[in-house]
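A.B. asks: how would this look folded up:
(2 chains)
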Amino acid sequence: MTLRTSPEIGGMGHSLKRKEDARFIRGQGKYVDDVKLPGMLYLDIVRSPYAHANIKSINTEKALAVPGVLAVITGETLKEYNLHWMPTLMSDTQMVLPVEKVMYVAQEVAAVVATSRYAAADGVEAVEVEYEPLPVVVDPFKALEPDAPVLRTDKEGKTDNRIFHWEAGDKAATERAFAEADVTVKQDIYLPRILVASMETCGCVADFNATTGKLTIWMTSQAPHAHRTVFALVAGHVGLSEEKIQVIAPDLGGGFGGKVPIYPGYVIAIAATVVTGHPIKWIEDRTENLQADSFARDYHMTAEIAAKKDGTMTGLRIKALADHGYTDAATQPSQFPAGMFSICTGSYDFPQAFAEVDGVYTNKPPGGIAYRCSFRVTEAVHALERMVDILADELSMDPAELRLKNFIKPEAFPYRSILGWEYDSGNYEGALKLALETIGYDDLLKEQVEKRARGELMGIGICSFTEVVGAGPSKHFDILGLKMFDGAEIRVHPTGKATARFGTKSQGQGHETTYAQIIAEELGIPAEHILVEEGDTDTAPYGLGTYASRSTPVAGAAAAIASRKIRDKARKIAAHLLDTNEDDLEWEPGKFSVKGSPTLSKTIQEIAFAAYTNFPEGMEPGLEAVSYYDPPNLTFPFGSYICVVDIDKGTGEVKIRRFLAVDDCGNIINPMIVEGQIHGGLTMGLAPALFEELVYDENGTPLNGNFMDYLLPTAMETPKWETAKTTTPSPHHPLGAKGVGESATVGAPPAIVNAVVDALSHLGVRHIDIPMTPDKVWALLREHGVTE
Amino acid sequence: MIPGMFDYFAPSTLEEATRLLEQHGPDAKLLAGGHSLIPLMKLRLAAPRVLVDLNGVAGLAGIEERDGHLRIGAMTRHAQLEASELISDRYPLIADAAAVIADPLVRNRGTIGGSLAHADPAGDLASVMTALRAELVVVGPRRERTIPIDDFLVGLFTTALEPNEVLSEVRVPSPNGGSGGAYVKLERKVGDFATVAIAVQLTVRDGTCDEAGIALTSVGPTNLRARQAEDSLRGGSLDEQSLRAAADLAAQEAQPAADLRGSEEYKRDMVRVLTLRALRRALERATR
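C.D. replies: Prediction:
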């Protein structure tokens, strides 16, 4: 993409340093826990040690005797206000505080309000709860057996633990494709339960003013407007009214999908401020964050591919079981209980496919959130990219060759997949060929042959993924009925500087920089003179928030459209100033000039001043615009990743020697930020591939709900990432851009698994479930007679 | 992650510290680097009523070689061991271990005395001191005594220290010529406790093994001395076959338990693999 603006303007394609970093690197960011209000009280939460138990009694006497403790809130307290249950974003129901029973370890049981954080913690320890343990359901397969205890006894008439059954595709036609196939392959694949583990935990400060009736909530929210509307709907009956609810999401230390759900703690804090009249601060500690907040993945899949002898893939079938915990607190669009899992045909031209997912209840924390994953795309891509390698192994074909053979061809776009998606643009073979060439694939294959002869274990893995981001067209996408558009409001001030407000909320993505660059691109106002504000529902235009890589595809488009509205008005003013016709004017970023007379021109700054001082008769003064953008389609970024590993035969340790990511996210706003997004995403893909898994024992107790045992990679475990790109613009996005925040999280894990399996394939190993820990790899090595 | 209430004392002399211990008995805990104790208190798994902070006590930190011993003050930080030229020149086993204890943040605060007195079998330095046959100097209100490391480590989180005693110094016999050591650690990620780690110290004279120290981390209720493995090497030639035999013996002597780091079988095999690697490296250092 050629640069249309100078570095001084800093429009699209410039690697501007991030405006927000000035405060972040100086420790001057302002997060929820930095909010301190006069008279503020502290809330801490009593949590269940049982995964499933009746609550016999809660004795608060000793807790109330702790110095500094002012109140203990229980489910009974909230029941008086009918606030003990609330809806999840999937229209399921979730306890705020329990009245009858608890459903998972670490569930909120009661809340203590105190004058200090220490007193609150002492109060929590002093609350006495008597439990009567109930049979626990941990295994989602057992949850569906006929004799399994029914967990959701609160749901009248519920006789099993199934939440939903969802399917996509033509089952019978896919069966025929399998019956007629030369070759079929099948594999069970599990994507374990993992956590977003963002640097900042969740929390809020809730402040209700009884005189004005205004409730202000500083909260860790990726979707401030949606959250405000939910609060208004859920608590309207106790007198909260939407215009008097102000949700402020200040600086956020990461979100990754984990700050989309509404956690009970927020609601308890709101109840507590309304009841006490004091501001209430609730901040989770790390243990609570890891043990109680929403999880991601936890998909048990069985995947199959049908193919001809020559490698042409003719059918795909995937059956999945989704463990949602005790309530479906996923954050998918409401028509998509399994998210966008039906993107599972990926980068390949499958003539037939069928996918089905069953959601089940278990005694685990609720969720199913899209952790840096555009609604179950990670699961779909993992299954598919593993199966392609398994098919290559079955056919003794090179996995790169098999992919190239089956890719959707560049000329086939826009491409309609058999499961109903219309891919906007792509060039899959371009990306894979660049990756193969850049990493030196042929030399690596030769090296592998030599190493195998010496008994050394080396593997090369490929993943060619297609992502689907930017939800989304209102026809299909909503959360609790709220359509997934997003808003941008731009005000150009008299001196030619601008303030822009958005319904999205950056959690580290760099919106203050990238949105400014979009407006700079469209209006020629230097990005440094465009102030971007987000996260305050009193000032920002409505929008559904930031998750699922939707900010650039949706809000970024809104910024472009609003800018163009401003430019249209600016053209009229310029024509007035230059005493000419609009049609006689030419635009280049930053100024209008008269065609053929380039010296006769007006800069955007001059035009802005005129908008307030010298506007044409009959024209409204000012230079502002608002756009609410409802995208016509999603965007489909893609890429090809190649990973090279070496395996220690003695210990089973996997060492990533090289990792190359070739990404294509269409036109790029800020190359440096995109590269940063990819580096972060790759590291978040490395983590589940080799380290992360939330493990429960048979009682439903988490065995690694802390950072000593829930393993996140550090710089020491992270390889040097190599990146490259191709550019295939989106034809429908105003800037030709696509989302990129999640591509690497989606694409990295299968590349790493494929490399490790490749290193062991000559031994007969075909699949390994992640995380590929040293003990797991060691067991496979010893099983196949390899030792040191 | 909020600790309960406790009293805090910061003595400036050892006498004052032991007096405070005597006064408060089992309610008191010594605070050294705090990287084990403070997290336990924040999780409310430990709730001492009294903390006696050793960080202000004079004369408890330092590294020097004197009278045939390396003397390391109990409040010497892991980072100081890591940075010491004396240690990297003459005690490679300690240098290896100091560089892989937890992460730099912990190493900047954590102390050798705190690590040994905590007696976590996953601690690295207790294995190192076992392989080196160190002695520990312990000061009480009325007497000072010296305890061999094997007698000091009693069991899981249990040492021979009396409630009123403070560990003040670690003494390691200075090496003669022909000595070499190595510490090899397998961890899931940097900062993790060892899945298995092995400390080896060898003394070689005229091609024969004069003395062998082999200790195992994270595979028993305490850091374990692999006695049979040591015995098998002592007096013999250190060829590949005898190293492999010793590694096999060490694996048999280990008492691993399954956990998230792996099965009992895996850990036992890791003792074998890592002992062999540590023996090879120690031998290379002893004979170069």
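A.B. asks: interface residues of the stretch 101-250 of chain B facing chain A?
C.D. replies: Contact residues, the stretch 101-250 of chain B versus chain A (CB under 8 Å from any CB of the partner chain): B:103, B:186, B:188, B:189, B:190, B:191, B:192, B:193, B:195. (Each C-beta comes from the backbone N, C-alpha and C, glycine too.)
A.B. asks: report pLDDT for the residue of the stretch 301-450 of chain A at minimum distance from chain B.
C.D. replies: Here the residue of the stretch 301-450 of chain A nearest chain B is residue A:364; by CB to the nearest CB that distance is 17.4 Å. What the model reports for residue A:364 is a pLDDT of 98.
A.B. asks: follow-up on the earlier one: in PyMOL, how would I select the buried members of the residues of the stretch 101-250 of chain B next to chain A?
C.D. replies: Buried residues within these, by 16 or more other CB atoms under 10 Å in any protein chain shown, are selected in PyMOL with:
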select buried, chain B and resi 186+188+191+192+193+195
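A.B. asks: including pLDDT, distance to residue A:465 and secondary structure, could the residues of the stretch 101-250 of chain B next to chain A go into JSON lines?
C.D. replies: What follows is these, written out as JSON lines (pLDDT from 0 to 100; distance: CB to CB, whole Å; DSSP: H, G, I helix; E, B strand; the rest coil):
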{"residue": "B:103", "pLDDT": "95", "distance to residue A:465": "33", "secondary structure": "coil"}
{"residue": "B:186", "pLDDT": "98", "distance to residue A:465": "33", "secondary structure": "strand"}
{"residue": "B:188", "pLDDT": "97", "distance to residue A:465": "27", "secondary structure": "coil"}
{"residue": "B:189", "pLDDT": "96", "distance to residue A:465": "26", "secondary structure": "coil"}
{"residue": "B:190", "pLDDT": "94", "distance to residue A:465": "29", "secondary structure": "coil"}
{"residue": "B:191", "pLDDT": "93", "distance to residue A:465": "31", "secondary structure": "coil"}
{"residue": "B:192", "pLDDT": "95", "distance to residue A:465": "31", "secondary structure": "coil"}
{"residue": "B:193", "pLDDT": "97", "distance to residue A:465": "36", "secondary structure": "coil"}
{"residue": "B:195", "pLDDT": "98", "distance to residue A:465": "33", "secondary structure": "strand"}
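A.B. asks: ok, the residue in the stretch 151-300 of chain A positioned nearest to chain B - contacts?
C.D. replies: Per CB to the nearest CB, residue A:285 is where the stretch 151-300 of chain A lies closest to chain B, at 4.0 Å. Contact analysis of residue A:285 by CB atoms under 8 Å, 6 or more residues apart in numbering or on different chains lists A:201, B:1, B:2.
A.B. asks: which members of these occur in strands, if any?
C.D. replies: Applying DSSP state E to those, no entry is found in strands.
A.B. asks: element containing residue B:81?
C.D. replies: Using DSSP states H and E, residue B:81 sits in helix B:78-83.
A.B. asks: what's the neighbour count on residue 261?
C.D. replies: In the absence of a named chain, this looks at chain A. 25 (other CB atoms under 10 Å in any protein chain shown).
A.B. asks: actually it's chain B I care about, not the one you picked
C.D. replies: Count around residue B:261 with other CB under 10 Å applied: 24.
A.B. asks: contacts only, for it.
C.D. replies: Contacts of residue B:261 (CB under 8 Å, 6+ apart): A:775, B:188, B:195, B:218, B:267.
A.B. asks: where's the dip in pLDDT among the contacts of residue A:285?
C.D. replies: Among the contacts of residue A:285, residue B:1 has the lowest pLDDT, at 85.
A.B. asks: measure how buried that residue is and give me the count.
C.D. replies: Counted by other CB under 10 Å, the residues lying close to residue B:1 total 14.
A.B. asks: I'd say it and residue A:286 touch.
C.D. replies: Yes - the pair residue B:1 / residue A:286 is scored as a contact, 6.4 Å apart, by CB atoms under 8 Å.
A.B. asks: do a quick rundown of the helices in the stretch 301-450 of chain A.
C.D. replies: Under the criterion DSSP state H, counting those that start in this stretch, the stretch 301-450 of chain A carries helices at the ranges A:377-395, A:399-406, A:428-439, A:441-453.
A.B. asks: deepest of the ones you listed, which one?
C.D. replies: Most buried of the helices of the stretch 301-450 of chain A, by mean neighbour count (mean count of other CB atoms under 10 Å in any protein chain shown): helix A:377-395, with a mean of 25.
A.B. asks: show me what that one is packed against.
C.D. replies: Here helix A:377-395 touches strand A:183-194, strand A:296-307, strand A:313-323, helix A:399-406, strand A:457-466, helix A:743-760, going by 3 or more CB pairs under 8 Å, 6 or more residues apart in numbering or on different chains; DSSP states H and E.
A.B. asks: can you redo the ones you listed as a markdown table with distance to residue A:525?
C.D. replies: Compiled in a markdown table, the helices and strands packed on helix A:377-395 are given as follows (distance: least, CB to CB, whole Å):
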| stretch | distance to residue A:525 |
| --- | --- |
| strand A:183-194 | 42 |
| strand A:296-307 | 39 |
| strand A:313-323 | 47 |
| helix A:399-406 | 44 |
| strand A:457-466 | 36 |
| helix A:743-760 | 30 |
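A.B. asks: comparing these, which comes out most buried?
C.D. replies: helix A:743-760 (a mean of 28).
A.B. asks: roughly how far out does it sit from the chain middle?
C.D. replies: Put simply, helix A:743-760 sits 20 Å off its chain's centre (CA atoms, centre = their mean, to the nearest Å).
A.B. asks: after it, next one along is what?
C.D. replies: By DSSP H and E, the next helix or strand past helix A:743-760 is helix A:774-783.
A.B. asks: so that following helix versus strand A:457-466, what angle?
C.D. replies: Angle, helix A:774-783 to strand A:457-466, by axes from the mean of the first three to the mean of the last three CA atoms, to 10 degrees: 120 degrees.
A.B. asks: helix A:774-783: which residues count as buried?
C.D. replies: A:774, A:775, A:776, A:777, A:778, A:779, A:780, A:781.
A.B. asks: and for stretch B:234-248?
C.D. replies: Per 16+ other CB under 10 Å, stretch B:234-248 contains these buried residues: B:236, B:238, B:243, B:246, B:247, B:248.
A.B. asks: now do the domain split for the chain, please.
C.D. replies: If you meant another chain, say so; for now it's chain A. The record's domain parsing of chain A by automatic domain parsing lists A:21-28+A:486-629, A:32-134+A:202-283, A:296-471+A:633-783.
A.B. asks: wrong chain, I was asking about chain B
C.D. replies: B:7-52, B:66-173, B:179-286.
A.B. asks: any chance of those in a markdown table, with distance to residue A:515 too?
C.D. replies: Listed next are the domains of chain B as a markdown table, based on distance: least, CB to CB, whole Å:
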| stretch | distance to residue A:515 |
| --- | --- |
| domain B:7-52 | 40 |
| domain B:66-173 | 36 |
| domain B:179-286 | 36 |
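A.B. asks: next one: residue A:419 from residue A:351, what distance?
C.D. replies: 12 Å (CB to CB, to the nearest Å).
A.B. asks: counting neighbours, go ahead and name the busier of the two.
C.D. replies: For residue A:419 versus residue A:351, neighbours defined as other CB under 10 Å are more numerous around residue A:419 (21 against 15).
A.B. asks: just confirm the more buried one contacts residue A:353, I think it does.
C.D. replies: Yes - contact criterion CB under 8 Å: residue A:419 and residue A:353 qualify, at 5.5 Å.
A.B. asks: what sits in contact with each of these two?
C.D. replies: A:168, A:169, A:344, A:345.
A.B. asks: what's the closest non-adjacent residue to the third one?
C.D. replies: Using CB to CB, 6 or more residues apart in numbering or on different chains and skipping the chain neighbours, the partner closest in space to residue A:344 is residue A:380 (3.8 Å).
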